[in-house]
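Enquirer: Give the three-dimensional model of this entry:
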Amino acid sequence: IRDMMDIARAAGKRVLVDPKGDDYSRYAGATLLKPNRNELREVVGRWTDDDDLARRARTLRDELDLGALLLTRSDAGMSLYDARGVIHEPALAREVYDVSGAGDTVIAAMAVMLAAGSSMTDAMRLSNRAAGIVVAKLGTAVCSLDELAADLRHT
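Expert: Residues are numbered from 1 along each chain as shown. I've put the predicted structure just below:
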């Protein structure tokens, strides 16, 4: 992973990572790191409240020279930690059938939106919507552009 990240960064490409394991040092220098609550807790320990979490996220970002940390928080939505601070995006109220692949949807949607020129914040908001669409389906599912556009029209 380190070699791939170095090659991508040398080519001026963004590096988005959906981390695995408890050693995040191998992801140092990533543009975006997207753990879920349990994955982050393994690395930074338990937090007591949102302020404590923000401090731990900032410390991890600083230690690993991360551009941003996107924490997926299940029914609590998402939190984007970057140099400006934190932006919380609430989960969208829907009936949840299956959360399989929701994290994959988030990282894929983030990559597509950033490649299309969206800001990190806008990409997070659309990724949140895409994840909301896939968890409302049975089994591992995808979110099409048409579904995302329809979802946006209904707000």
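
Enquirer: quick one: contacts for R37?
Expert: Applying Cβ atoms under 8 Å, 6 or more residues apart in numbering, we find R37 in contact with 71-74. All C-beta atoms are positioned from the backbone trio N, CA, C, and that covers glycine.

Enquirer: Report the separation between it and G77.
Expert: R37 sits 11 Å away from G77, going by Cβ to Cβ, to the nearest Å.

Enquirer: Can you list the helices and strands that the one helix or strand L148 maps to packs against?
Expert: Per DSSP states H and E, L148 falls inside helix 145-153. The elements that helix 145-153 packs onto, with contact taken as 3 or more Cβ pairs under 8 Å, 6 or more residues apart in numbering; DSSP states H and E, are helix 120-135.

Enquirer: tell me the contacts of the spatially closest residue to R56 that is not a sequence neighbour?
Expert: In this structure, R56 finds its nearest non-sequential neighbour in V44, 4.2 Å apart by Cβ to Cβ, 6 or more residues apart in numbering. Listed by Cβ under 8 Å, 6+ apart, the contact set of V44 reads 56-57, 59-60.

Enquirer: R129 too?
Expert: 92, 148, 151-152.

Enquirer: Can you select the buried ones from those residues in PyMOL?
Expert: Selection of buried members from the contacts of R129 for PyMOL, criterion 16 or more other Cβ atoms under 10 Å:
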select buried, resi 148+151
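
Enquirer: Can you tell me which of the contacts of R129 comes closest to A130?
Expert: L148 (5.7 Å; Cβ to Cβ).

Enquirer: residue contacts, that closest one?
Expert: 126, 129-130, 133.

Enquirer: Rank the residues you listed by pLDDT and give me only the lowest.
Expert: Lowest pLDDT among the contacts of L148: I133, with 87.

Enquirer: list the contacts for the closest residue to it other than its chain neighbours?
Expert: Nearest residue to I133, sequence neighbours excluded (Cβ to Cβ, 6+ apart): C143, at 4.3 Å. Residues in contact with C143 (Cβ under 8 Å, 6+ apart) are 105, 109, 130-131, 133-134.

Enquirer: That concludes my questions; thank you for your assistance.
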